[in-house]
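Novice: Next input, structure requested:
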Amino acid sequence: MTQAKRSRLNPIGALLLTRERIQEVLDDAVERGRMTRDDASDLLAELVRRGTAPADRLIREVGRAAGIGAGFPIAGYDDMTAAQVTEHLDGLTPAQLRTVRDHERRNANRKSVLAAVDRKLD
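Specialist: As a prediction, the model looks like this:
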């Protein structure tokens, strides 16, 4: 077994923190004046995105290998800016828009992208 496979199957040094616990710590930092609410929100979104991105990629890879799922509606989505994503929303079906919205919420959680998707769904 290769080292890469072994490290995925047995992640040494893994740490589990719940979103609620991270939020609690960030709320405390805001209350103490150590950071702004916006910075805390951005930091939480980034931590969650980084924590879930490997699992999301693995799920997509497994789905593609198994031949299930139609794939993500926007190719290269994870490497796009919010403005680029917004440009690609035209022509998507409501189901595809919901897929984009759900993915965005779980990952980058960019307010401008979520608002644009919601406008298209209304």
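
Novice: tell me which element residue 115 is part of?
Specialist: Counting by DSSP states H and E, the element that carries residue 115 is helix 111-121.

Novice: now for that helix, which elements pack on it?
Specialist: helix 82-87, helix 94-106 (3 or more Cβ pairs under 8 Å, 6 or more residues apart in numbering; DSSP states H and E). Where you see a C-beta, it was placed from the backbone N, CA and C, and this is true even at glycine.

Novice: I'd like to check which residues are in contact with residue 105.
Specialist: residue 114 (Cβ atoms under 8 Å, 6 or more residues apart in numbering).

Novice: how much space is there between it and residue 118?
Specialist: 11 Å (Cβ to Cβ, to the nearest Å).

Novice: got TSV for the helices and strands packed on helix 111-121, with distance to residue 26 too?
Specialist: What follows is the helices and strands packed on helix 111-121, written out as TSV (distance: least, Cβ to Cβ, whole Å):
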stretch	distance to residue 26
helix 82-87	22
helix 94-106	18
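
Novice: Nearest to residue 24 among these would be which one?
Specialist: helix 94-106 (20.3 Å; Cβ to Cβ).

Novice: What separation is there between residue 23 and residue 43?
Specialist: 10 Å.

Novice: do residue 56 as well
Specialist: Relative to residue 43, and taking Cβ to Cβ, residue 56 is found at 20 Å.

Novice: likewise residue 112?
Specialist: 18 Å.

Novice: need the contact list for the closest residue to residue 23 other than its chain neighbours.
Specialist: Residue nearest to residue 23 in three dimensions, not counting chain neighbours: residue 44, with 6.2 Å by Cβ to Cβ, 6 or more residues apart in numbering. Contact analysis of residue 44 by Cβ under 8 Å, 6+ apart lists 19, 22, 23, 26.
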